[in-house]
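Asks: how does the following fold in three dimensions:
(one chain, ligands or ions: 1)
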Amino acid sequence: MKRMLSGIKPTGGLTLGNYIGAISQFIKYQDEYEMYVFIANLHSITVAQDPKELRQNTKDLIALYLAAGLDPQKVTLFLQSDISAHAELGWILTCHSYMGELQRMTQYKDKTAKGETNITAGLFTYPSLMAADILLYDADYVPVGIDQKQHVELTRNIAERFNNKYGETFIIPEPVIPKVGAKIMSLQDPTKKMSKSDETTKGAIYLLDEPAVARKKIMSAVTDSIGIIRYDEVNQPGIANLLTIHSVLSKESIEDIVERFSNHGYGDLKKEIGQLVFDFLSELQDRFKEIKNSGIVDEVLRQGKEQAEQIAYKKIRKVKRKVGFEIVK
Ligand code: AQP
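Replies: As a prediction, the model looks like this:
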């Protein structure tokens, strides 16, 4: 069985973008692949975090994974910081990454372009840690939103470089990007990605938003003055984004939705999507509450740690041997 791995940072409330671009993919693939899903808490501290909030966000993220349908019997679900091999391999791969390639990574480039001065060294080197996350488990595939494609490409380059220097060590992974929903945009600025850490909370639907609040956000989503419902990302990015959200939640094709709404205004489309979002969040949150009350989260993490550790430990030993660290066998 081919192996698949992915993770999400517990940097705030998860958004509908995270669900559509990442979590729904994990669920779709959990029967087909040997799946590893982790909470990327080492990555979360590349920007300042409040420890209390981080702990809360981490617990909520695990409960949301489960509420959304990840089955711990099929998926190894674990906390990145529980497996020390991530940090070890992260360092080794940092020493096999070039400044030039890290400087080309979007997060770092965007922050420096904006003139931000509080950029940590971690924000510069985290793509090498991400390569370690993936390569440690010999993942064949990495399901991600389009924003993360660049990181998987870097991972492939680092893996090939390492294999060439030390002999076959790592599997070269491939990104898996959803056909619909690879980049859900902000509801307030549809030219920008919907993000957990958006400055304006009106632009993002959070999975733990009150369903009625989320519906209001859809109703006040920025569109355009063209007045025709069609899928045109360039000229009508707001409508294209709404159609995508509709299609993913309703499982109706975008063409069919467009046809059904050919004689309707934006308000009608928004109303229908608002209801879809309302129903989706209500169901998800009911399950989320049940899971949080059940105490299952701790057990899932304990089990996940045990399973992930076995694989990671073997790989880090092999890497240490290859680079010349291992003295006593
Ligand atoms: N808007 C999006 N549309 C589709 N996919 C998305 N993802 C994130 N936003 C969208 C996918 O979610 C996964 C987890 O991402 P992450 O939390 O590790 O980092 P991120 O991509 O930086 O997510 P955010 O929400 O934008 O977080 P912040 O604001 O903290 O930086 C990835 O697979 C990502 O592609």
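Asks: contact residues of the stretch 101-250 of the chain facing the ligand?
Replies: 144-145, 147-148, 182-184, 193-197 (C-beta under 6 Å from any ligand atom). Where C-beta positions appear, they are placed from N, C-alpha and C, glycine not excepted.
Asks: residue of the stretch 1-150 of the chain closest to the ligand, please.
Replies: Closest residue of the stretch 1-150 of the chain to the ligand, C-beta to the nearest ligand atom: Gly21 (1.8 Å).
Asks: got the contact list for that residue?
Replies: 144-147, 178, 181-184 (C-beta atoms under 8 Å, 6 or more residues apart in numbering).
Asks: rerun at 10 Å
Replies: Neighbour list for Gly21: 8, 15, 143-148, 177-178, 181-184, 193-194, 248 [criterion: C-beta atoms under 10 Å, 6 or more residues apart in numbering].
Asks: check what pLDDT Thr200 gets.
Replies: According to the prediction, Thr200 has pLDDT 78.
Asks: also Pro178?
Replies: Each residue has a pLDDT score; the one for Pro178 is 86.
Asks: make 783 the first number, not 1, from now on.
Replies: Right, with 783 as the first residue, what we last looked at is Pro960.
Asks: okay, and it sits in which element?
Replies: Assigned by DSSP states H and E, Pro960 belongs to no helix or strand.
Asks: and it, how many neighbours?
Replies: 18 (other C-beta atoms under 10 Å).
Asks: tell me which element the closest residue to it other than its chain neighbours is part of?
Replies: Closest residue in space to Pro960, ignoring its immediate chain neighbours: Gln807 at 5.8 Å, by C-beta to C-beta, 6 or more residues apart in numbering. Element membership for Gln807 (DSSP H and E) is helix 806-811.
Asks: mind giving me the packing neighbours of that helix?
Replies: strand 785-790, strand 816-821, helix 833-850, strand 857-861, strand 923-925, strand 956-958 (3 or more C-beta pairs under 10 Å, 6 or more residues apart in numbering; DSSP states H and E).
Asks: state the mean pLDDT of the first one.
Replies: In this model, strand 785-790 has an average pLDDT of 95.
Asks: can you show me the helices along the protein?
Replies: Assigned by DSSP state H, the helices in the chain fall at 798-800, 806-811, 823-826, 833-850, 867-876, 881-885, 888-895, 903-917, 931-948, 993-1001, 1019-1032, 1036-1042, 1048-1076, 1078-1105.
Asks: list the contacts of the first one.
Replies: Where contact means C-beta under 10 Å, 6+ apart, the residues beyond helix 798-800 that reach it are 790-791, 794, 806, 843, 846, 850, 927, 929, 963-969, 975-978, 980, 986-989, 991, 996, 999-1000, 1023, 1027, 1030-1031, 1059, 1062-1063.
Asks: now Asp1014: how far from Gly1020?
Replies: Separation of Asp1014 from Gly1020 (C-beta to C-beta, to the nearest Å): 10 Å.
Asks: what is in contact with these two at once?
Replies: With C-beta under 10 Å, 6+ apart as the test, Asp1014 and Gly1020 both reach Asp1006.
Asks: more neighbours: which of these two?
Replies: The residue with more neighbours, out of Asp1014 and Gly1020, is Gly1020; 19 against 13, by other C-beta under 10 Å.
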